[in-house]
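K.L.:
Below is the sequence, then the predicted model.
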Amino acid sequence: MEQDSVRTYRLRGSRITAPQQSALDKYWDIYGMQYSEDFVAISQLFPNSKKVILEIGFGMGEATALMGRDFPETGFLAVEVHKPGIGKLMARIEELELRNIRIIEGDAHPILKTMIPDNSVDGIHLFFPDPWPKKRHHKRRIVNNEFLKLIYPKIKDGGFIHIATDWVPYAEHIQEVFAPSALFTGGVVERPEWRPITRFEGQGITKDHQVNDLRYFKV
């Protein structure tokens with residue numbers, strides 16, 4: 001089965017609030033772009049950035065906005081499929097007067113294949129991807145061998161992917177995928193201070209969810 005035929009994200013309701021829709025209407029032409037089959041000119045998107053990070057699946061954009069604020073010299077290219085989250089992040093970008101975040105609406109797999117040039121990003125963030133806990137759904141987990149092959153050429157030499165998950169079996173699965181790979185080296189790390197604790201993560205912590213951070217460097 002082709003990678004693109006397996007949906008790695010869960011379809012959510014399309015309900016969007018009036019403020020989120022308003023932000024989409026006002027700021028899309030400034031911060032947003034649709035999926036296309038043309039490579040993104042990343043250096044033109046972030047001409048003043050010393051580094052560029054690809055954010056895959058930013059949810060409601062809480063962490064992305066805070067990192068954009070805390071690291072003004074880093075460009076963040078953020079990918080998400082759900083319009084409510086995109087609208088929410090656009091509102092936060094404008095509220096915080098950020099100029100170092102751009103958003104691509106769409107599925108990460110085709111975006112990585114056709115829009116992200118090779119050797120163009122310094123790192124990838126994958127925070128709290130859907131763990132698909134049921135065994136019959138494990139094939140939908142975004143982290144697999146094909147995903148590693150897909151992201152490897154996009155990352156600059158010495159670059160990384162940083163993953164966070166609050167589902168222990170998924171953290172174990174991630175380690176099992178990376179362990180035999182000759183493309184990356186790394187493993188579990190302490191939660192870095194730069195990664196914001198979002199409301200979503202905080203809710204998990206109150207439920208005694210164990211959060212694991214994993215960081216792998218391109219070999």
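P.N.:
Nice, thanks for sending it over. Since the structure is predicted, the reported quantities are computational estimates derived from the model, not experimental observations. Residues are numbered from 1 along each chain as shown.

K.L.:
and the longest strand along the chain, what does it pack onto?
P.N.:
The strand spanning the most residues in the chain, taking DSSP state E as the definition, is strand 155-165. Counting contacts by 3 or more C-beta pairs under 8 Å, 6 or more residues apart in numbering; DSSP states H and E, strand 155-165 packs against strand 121-127, helix 168-178, strand 212-218. For the C-beta atoms, the positions are set from N, CA and C on the backbone; glycine is no exception.

K.L.:
Return the most buried member of those.
P.N.:
With neighbours defined by mean count of other C-beta atoms under 10 Å, none of these is more surrounded on average than strand 121-127, at a mean of 21.

K.L.:
ok, residues contacting the helix-or-strand element of the chain with minimal mean pLDDT?
P.N.:
Least confident helix or strand of the chain, by mean pLDDT, DSSP states H and E, is helix 199-206 with a mean of 77. The list of residues contacting helix 199-206 from outside it, by C-beta atoms under 8 Å, 6 or more residues apart in numbering, reads G59, M60, E62, F128, A164, D166, I197, V211.

K.L.:
Ok, stretch 160-173 next?
P.N.:
Counting by C-beta under 8 Å, 6+ apart, residues outside stretch 160-173 touching it are 122-129, 131, 133, 138, 141, 143, 151, 155, 174, 184, 186, 188, 191-192, 195, 201, 204-205, 209-218.
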